[in-house]
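A.B. asks: Got a predicted structure plus its sequence, pasted below:
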Amino acid sequence: MRNGRKVGGDAPTWAVLLALAAPAAALAQEREVPPPMTERAAAAALADGRLTPERDRALALALELGPRAGPELRAAVIGAVAAELRGETNRPKESEAIFTYLEAVAQLRDPQAVPVLVEALPFGAGAANALADLSPGSLPAVLEAVANPGERPHRVGNGLTALRFMLEDGSLSQRQIAPVREVVRDRLTGMQHHSVVSGAIRLALALGDPELRQTVERLAADRTAVEALVSPYLSDGVTRSRSHRQRIDGVQERARALLSGVSFPPHRRPFPHP
């Protein structure tokens, strides 16, 4: 007895309420968990350009299956990534969801994905690693991208990284290495974007070609040579003298460091990632 009230007098009432609530809560929980998605349903959701929860579930399934995904789902993933890259969905441009899509297509290790992976090269080393996973079948497409800089220097720079990964893997024959050597020589002549020069320097040293090594040594020692090679223009066509001086410094520092044996990212990381 406490203050005239019986201690624990309400216990039976609470027990009854809990007993009644438990089945209802379990039923609600069952309703919240959707049934497993089939590959066919996932393919349909990815083919639909709308950004829906089903599309997210489909992408999660593709990531889970990776190279075990069937042909229909593989094709849908590749198509969805292409749509994301080309802005064919209403996803905000600043969204980072594209990286999840790129991981999904990379995990497939599907040769049919080579064109979309080349298109994705400006997004970083993930596409470069995925293209190296598909070597030597991906070599012609990567060589074409690297040989035609156009207005996409980051595609070229990361394409050079993909070629380096292929070389490090030992997946290229001597016959296939020959055009790689030629494209690197081209990217270390004329006038190039600084990111292209940085990628070409690292690949040049990986090739072990004496002539290309001499070119890198000249860039490391002669600032005038770097100034003649590195374009003074940024990607948007704007010239900024201070930024240009910093880019010249950066190229020389990287050349010297690589010659001394220092290693920089990006590093080779095959898919699928754990």
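C.D. replies: Good, I have the coordinates. Numbering: from 1, shown residues only.
A.B. asks: The stretch 1-150 of the chain: helices as residue ranges?
C.D. replies: Taking DSSP state H, counting those that start in this stretch, the helices of the stretch 1-150 of the chain run over residues 11-32, 39-47, 53-65, 71-85, 97-108, 114-119, 125-133, 139-147.
A.B. asks: and the last one, C-alpha only, in PDB?
C.D. replies: The one in question is helix 139-147. Provided in PDB are the C-alpha atoms of helix 139-147 (Å, rounded to 0.1, in the frame of the first residue of the first chain):
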ATOM      1  CA  LEU A 139      41.400  -1.400 -74.800                       C
ATOM      2  CA  PRO A 140      40.200  -0.100 -78.200                       C
ATOM      3  CA  ALA A 141      37.500   2.100 -76.700                       C
ATOM      4  CA  VAL A 142      39.800   3.500 -74.000                       C
ATOM      5  CA  LEU A 143      42.500   4.200 -76.600                       C
ATOM      6  CA  GLU A 144      40.000   6.000 -78.800                       C
ATOM      7  CA  ALA A 145      38.900   8.200 -75.800                       C
ATOM      8  CA  VAL A 146      42.500   9.000 -74.900                       C
ATOM      9  CA  ALA A 147      43.600   9.700 -78.500                       C
END
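A.B. asks: what residue ranges in the stretch 1-150 of the chain are flagged as low confidence?
C.D. replies: The stretch 1-150 of the chain contains residues with pLDDT under 70 at 1-33.
A.B. asks: since we're on Val251, how many residues are nearby?
C.D. replies: 24 (other CB atoms under 10 Å). Yep, even glycine has a C-beta here, placed from its N, CA and C like the rest.
A.B. asks: List the contacts of it.
C.D. replies: When contacts are counted by CB atoms under 8 Å, 6 or more residues apart in numbering, Val251 touches 194, 197-198, 201, 219, 226, 229-230.
A.B. asks: Just send the helices of the stretch 1-150 of the chain back as CSV, with mean neighbour count too.
C.D. replies: Shown next, in CSV, are the helices of the stretch 1-150 of the chain (neighbours: other CB atoms under 10 Å):
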stretch, mean neighbour count
helix 11-32, 9
helix 39-47, 19
helix 53-65, 18
helix 71-85, 20
helix 97-108, 21
helix 114-119, 20
helix 125-133, 25
helix 139-147, 20
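A.B. asks: nearest to Ser243, of those helices?
C.D. replies: helix 125-133 (23.5 Å; CB to CB).
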